[in-house]
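Peer 1: A structural model of the following input is requested.
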Amino acid sequence: MRKFLERPPLAEKSKVAIARGEDYGEAEKAVRRVVELLGGIGKICKPGDKVMIKPNMIYASKPEEAETTHPAVVKAMVTLCREAGASVKLGEQTGWHCDPELSFTVTGIKDAALAAGADEVVNWDTDEYVTVAVPNPRSFARVMLPKSLMDADVIIHLPKMKTNAVQVATLGIKGWIGALHNSMRTFIHKNALDNGWATTDVVKALGPKLKLTLIDGIEGMEGSGPHAGLVCHPKLIIASQDVVACNAVTCKIMGFHPLEIPATQVAMKDGVGTADLDEIDVLGERIEDVLYPFKRAVNQYVSHYSNVREFVGGACQGCFWTFPSLPPHVDPEKKYALVAGARALIGDDLSSYDEVHLIGICACAPSHQLPGFKERVGRAKKIVTHPYCPGYNTAVHHHEKAEAKGDVFEVPDLLLGDMCALWAVPDVTNEDKMEAALARKENRQSLEDVRRTAEQYYGPALLESSKPALWPMTPLREMAKWQDPVDRELSPTPIRFLQGNGSSAGTPNVVRTDERGEGSIPVK
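Peer 2: Residues are numbered from 1 along each chain as shown. Okay, the predicted model is just below:
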């Protein structure tokens, strides 16, 4: 059988350590065990080293929801580094406009880190960023990373063992999207390959400073990860100094192929580590003794509602993920069409549709489409364009639109969070999050209801003090510059969109959702 890669065998096998932990009362014992199996904490850091620890903190969720790294694991890792004589900081930012300070508190991560002796917990959303060259680059010749991260002598990553609708599972590479500056994150989050290539570039930029990847799998999230999945109990801590090997072994335990995550494949090819189990020594527990098959994040490709129909052709994940969030509210008396892709195929007559939503740059640019596209969509009573790349940016920035004011979705992270609660089939999704998303979509939940629920969850004082971390909309020319080692003047490629008063589509009612002119696209 041919090998995955044509390359000579490794001179020395990578090591992955596995330890059991029945619950988080045994977290420190399990963390100490895997570190000892790998050669001891002295192999990771030494007296005087400046250590930066990055947990997984995607959202302001309580530890029992298994969405973020558990504070007991954070506390154990900080304790070991302090015992080694190192100084410790912890840094992270969140996703979906969520306030990192709120997340640090609600997850218990901040209190745990400081109690164990960390000097500081750094909010990367407000940190200074530096430009870092990427060796052997794929997507980016340079990336913007937090200065506090790059000032460290030693970097330790504490991912959560959970599935991910983008990358099969989050684990040790994909999680590094959390270190990228917010202006670089959304664009590379539109499919598994884009995401895998770019996050591998981040790992390469960290270089040999990345000394340890330790995965919190005492409790995990299966199904519709990373936000709306189901809590599960693998009861494991998995660690390695080889992030690729750590991914591979963890995937095997989860019931996935070791090479199933695209980031794992490209990282192995680029020499970051190995995913070949024949090149890995597993220490501690044996893989076959700790197998714990996870439910997958099975995408729901069609809307829950019978009056919403989907038409696709060449659509990527970043656009069809948007199907659950559009339209934001569903009127049962109306008929909706969702169109996505560079060569959308529309066999139905859209003249009976009240609204047609064109999702993503490709669907909004007739120049990309098959002959007759403008005439076909122009038969609908109303055209709403969402000219973003990825298309789900319309959910990311919906709260900025006039129609959101006073509506439940003026809360910045809500429509995007609801998209993640509806993008997988129901039996792999957290029922409470799914039902809440449906209630908002059907106008059964008001803005006041949302505020009351949030107040009950977080407490009035904590909620009052929180501030959304608003992501910027990044022009394409801004994204393009990171492909080059230095800044240079770039000429945008003009794209003509279906817009204006509707004359291009033969209909008088075209609504363009990008109200800021250029936004994320070069409009000429």
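Peer 1: use CA for all of it now, contacts and neighbours both
Peer 2: Fine.
Peer 1: check residue 499 and give its pLDDT.
Peer 2: At residue 499, the predicted lDDT confidence score is 56.
Peer 1: mind listing what's buried in the host helix or strand of residue 132?
Peer 2: Per DSSP states H and E, residue 132 falls inside strand 129-133. Neighbour-count burial for strand 129-133, with 16 or more other C-alpha atoms under 10 Å as criterion, is recorded at 129, 130, 132, 133.
Peer 1: got those as a markdown table, with pLDDT and distance to residue 370 columns?
Peer 2: Formatted as a markdown table, the buried residues of strand 129-133 follow (pLDDT from 0 to 100; distance: C-alpha to C-alpha, whole Å):
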| residue | pLDDT | distance to residue 370 |
| --- | --- | --- |
| 129 | 97 | 43 |
| 130 | 97 | 44 |
| 132 | 98 | 42 |
| 133 | 97 | 41 |
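Peer 1: what's the most distant pair in these?
Peer 2: Farthest apart among the buried residues of strand 129-133 by C-alpha to C-alpha are 129 and 133. That separation is 13.1 Å.
Peer 1: quick one: the helices in the stretch 151-300 of the chain?
Peer 2: 171-174, 182-185, 192-206, 243-254, 262-269 (DSSP state H, counting those that start in this stretch).
Peer 1: from these, which stretch is densest packed?
Peer 2: helix 171-174 (a mean of 30; mean count of other C-alpha atoms under 10 Å).
Peer 1: quick check: mean pLDDT of that helix?
Peer 2: Helix 171-174 comes out at a mean pLDDT of 97.
Peer 1: which positions in the helix or strand where residue 27 lies come out as buried?
Peer 2: Using DSSP H and E, residue 27 maps to helix 27-37. For helix 27-37, the neighbour count (16+ other C-alpha under 10 Å) marks 27, 28, 29, 30, 31, 32, 33, 34, 35, 37 as buried.
Peer 1: alpha carbons only: can I get that helix in CSV?
Peer 2: Output in CSV follows, covering the C-alpha atoms of helix 27-37 (Å, rounded to 0.1, in the frame of the first residue of the first chain):
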residue,chain,number,x,y,z
ALA,A,27,-7.6,16.5,36.5
GLU,A,28,-4.4,17.5,38.2
LYS,A,29,-3.4,13.8,38.7
ALA,A,30,-4.1,13.1,35.0
VAL,A,31,-2.2,16.2,33.8
ARG,A,32,0.8,15.3,36.0
ARG,A,33,0.7,11.8,34.6
VAL,A,34,0.9,12.7,30.9
VAL,A,35,3.6,15.3,31.5
GLU,A,36,5.7,12.8,33.4
LEU,A,37,5.2,10.2,30.6
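Peer 1: ok, then the element right after that helix?
Peer 2: By DSSP H and E, the next helix or strand past helix 27-37 is strand 50-55.
Peer 1: strands paired with the longest strand seen in the chain, and their directions?
Peer 2: Across the chain, the longest stretch assigned as strand under DSSP state E is strand 210-222. Strand pairing for strand 210-222, using DSSP bridges, gives strand 154-158 (parallel), strand 160-164 (parallel), strand 230-232 (antiparallel), strand 236-240 (antiparallel).
Peer 1: and the first one, how far out from the chain middle?
Peer 2: Between the centre of strand 154-158 and the centre of its chain there are 19 Å (C-alpha atoms, centre = their mean, to the nearest Å).
Peer 1: pLDDT value on residue 434, please?
Peer 2: On the pLDDT scale, residue 434 gets 97.
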